[in-house]
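# below are the sequence and a predicted model; questions follow.
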Amino acid sequence: MLGKIKAMVSAPLHQEAFYVFLGQFASAVGTLVGVKLLTSHLLPETYGVVALGMSIVNLFIYLIGSPVGRAATRFYRIAIEGLQFPGYEKTLARIGWGTAAVLLVLIFLLVLAGNWFYGLVAALSLLLCIDTVFNGIQTGARNRRVVALLLSLMSWSRFLFAVGLVLLFGRERVELVFAGFCISALLNIGLQIFFYKRKVRNVAAPADAGGKFRSRQFYAYLWPLAIAGLVSWGQLFVDRWSLKSFATLEEVGIYFALFQISYAPVLLLNSCVYSFVAPILFEKAGNAEDASRMKKVYVYNEWFSALTLLLAVVLAGVMWGLHEWVGGLLLGDQYTSYTRLLPWLVLSGGIYATGSQLLLSIQSGLDLKMLLVQKITSAGVAVLCYLLGTYWMGLKGVVFGGLVFVVFYAVMAFMFHHRLRNVKIT
């Protein structure tokens with residue numbers, strides 16, 4: 001296993017890996033510290049409202065920010081090799097301005113109606129979508145230091161601003177949490193623009209150097225990612241809304257806190273591996289027309305997926321022995337009564353991460369129909385598992401219902417990966 005990965009990873013890539021993992025590690029630590037701070041100053045009911053608000057923010061990220069960012073990563077090398085960067089930049093700008101116009105109108109209407117909470121939620125959604133797209137471009141350009149710096153800065157600063165505003169103006173005003181998140185995102189976007197001009201635009205091809213960027217191919221790649229992102233949002237966030245429907249806001253808040261110190265760090269680790277591996281695999285795949293090149297991509301991705309699953313099992317075992325200590329260290333006193341669920345959440349996150357890593361085999365090509373089939377089918381299973389689990393067992397049910405779902409998700413992802421990997425080269 002290690003020999004195959006070493007064949008892919010050269011000395012310069014060791015440095016890239018270091019910055020990718022450093023950024024994700026700093027981000028994870030920032031999130032854990034932030035959860036401790038917020039759960040120490042917010043009641044579970046208030047934290048439950050934060051959880052539901054962030055689920056709406058993540059709807060926009062999964063539907064717009066992440067798909068556009070991933071498409072930007074996938075097509076960056078194609079644009080550079082074809083000397084088509086100006087067209088690539090204009091395509092992303094059109095999407096960005098269109099999204100901003102829609103969300104700015106929504107923010108204006110919400111604030112005009114006096115609904116500051118949802119106005120701040122919409123504002124944070126816009127800011128984080130912009131940040132995610134910039135990260136996608138920087139990832140495609142393999143500017144690992146920039147991505148690591150801004151990722152870790154965002155993770156730390158958002159909680160510090162949020163807690164600072166809560167302490168200054170009042171404990172139970174959930175709007176203050178989102179105002180702090182927005183201030184952090186604004187600062188991050190300012191830095192994104194600075195580094196984009198310095199690290200991407202200044203080193204890209206001149207405007208008259210190459211051919212026309214194939215924006216239709218970009219959109220054809222983007223829309224399945226957007227649909228898959230919407231479905232992924234349903235898979236990952238239906239748990240909170242199920243608890244709101246069949247349990248209490250207090251349980252929503254407790255579950256969200258548990259999720260953030262167990263499931264979420266594992267997903268962050270998966271994002272770290274994706275950020276490191278994806279641009280390398282996309283570069284090796286090129287325009288996905290060489291079957292022998294694609295075969296190597298599938299083999300490499302399979303080994304990374306196996307390592308992800310192995311690491312998930314190890315982390316779940318460690319959490320099994322340390323869950324009470326971890327809960328006491330990272331959660332406020334009102335949230336620690338359910339720490340025995342932490343190992344199961346870690347395992348679920350790891351299995352989901354394994355399935356997501358396997359799906360990178362599909363994304364390395366340019367035809368994403370299989371991705372849509374996998375996402376839509378598993379979304380139906382997710383809704384069923386979470387709703388039934390919550391209805392029968394409340395908080396415990398949402399955890400174990402989620403475990404059933406992620407096993408199905410990963411198995412289906414492996415089936416599609418296996419189909420691609422075993423296509424005969426003609």
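On my side now, so go ahead.

# I figured Leu59 was touching Val231, is that so?
No. Using Cβ atoms under 8 Å, Leu59 is not in contact with Val231; the gap is 11.5 Å. For glycine as for every other residue, the C-beta is placed from the backbone atoms N, C-alpha and C.

# between the two, which one's more packed in?
Regarding Leu59 and Val231, a neighbour count based on other Cβ atoms under 10 Å identifies Val231 as having more, with 22 against 17.

# and the gap between that one and Pro224?
Going from Val231 to Pro224 by Cβ to Cβ, to the nearest Å gives 10 Å.

# and for Leu281?
18 Å.

# give me phi/psi at Glu302?
Backbone torsions of Glu302, given as degrees, to the nearest 10, read phi -60, psi -40.

# contacts only, for it.
Leu358, Ser361, His417, Arg421 (Cβ atoms under 8 Å, 6 or more residues apart in numbering).

# so which of those residues wins on neighbours?
Leu358 (30 neighbours).

# surely that one touches Ala410?
Yes. Shown here, Leu358 and Ala410 form a contact pair, counting by Cβ under 8 Å, at 7.2 Å.

# per-residue confidence for the most centrally placed residue in the chain?
The centroid of the chain falls nearest to Ser271 when counting by Cα atoms, centre = their mean (6.2 Å). Ser271 is assigned a predicted lDDT (pLDDT) of 74.

# helices of the stretch 1-150 of the chain, start to end?
Ranges of helices within the stretch 1-150 of the chain are 2-8, 11-41, 44-60, 66-81, 85-112, 116-140, 144-169, based on DSSP state H, counting those that start in this stretch.

# need those helices in a markdown table (columns: distance to Phe218).
Below are the helices of the stretch 1-150 of the chain laid out as a markdown table (distance: least, Cβ to Cβ, whole Å):
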| stretch | distance to Phe218 |
| --- | --- |
| helix 2-8 | 27 |
| helix 11-41 | 25 |
| helix 44-60 | 20 |
| helix 66-81 | 6 |
| helix 85-112 | 6 |
| helix 116-140 | 12 |
| helix 144-169 | 21 |
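
# flag the shaky bits of the chain, pLDDT-wise.
1-17, 19-20, 170-172, 203-211, 287-288, 423-426 (pLDDT under 70).

# now with 50, please.
In the predicted model of the chain, residues 1-2, 4-11, 208, 425-426 satisfy pLDDT under 50.

# got the CA positions of stretch 36-43 in CSV?
The C-alpha coordinates for stretch 36-43 follow below in CSV (Å, rounded to 0.1, in the frame of the first residue of the first chain):
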residue,chain,number,x,y,z
LYS,A,36,-15.6,24.5,24.2
LEU,A,37,-16.0,28.3,24.3
LEU,A,38,-19.5,28.4,22.9
THR,A,39,-20.9,25.5,24.8
SER,A,40,-19.5,27.1,28.0
HIS,A,41,-21.5,30.3,27.3
LEU,A,42,-24.6,29.1,25.5
LEU,A,43,-27.4,27.0,26.8
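
# identify each buried residue in that stretch, please.
Lys36, Leu37, Leu38, Thr39, His41, Leu42, Leu43 (16 or more other Cβ atoms under 10 Å).

# residues contacting it, please?
For stretch 36-43, contacts defined as Cβ under 8 Å, 6+ apart pick out 47, 50, 159, 162-163, 166-167, 171-172, 174, 177, 253, 257, 329-332, 334-335.

# do the same with stretch 361-371
70, 74, 217, 220-221, 224-225, 228, 278, 281-282, 285, 287-288, 294, 297-298, 301-302, 359, 374, 416-417, 419-421.
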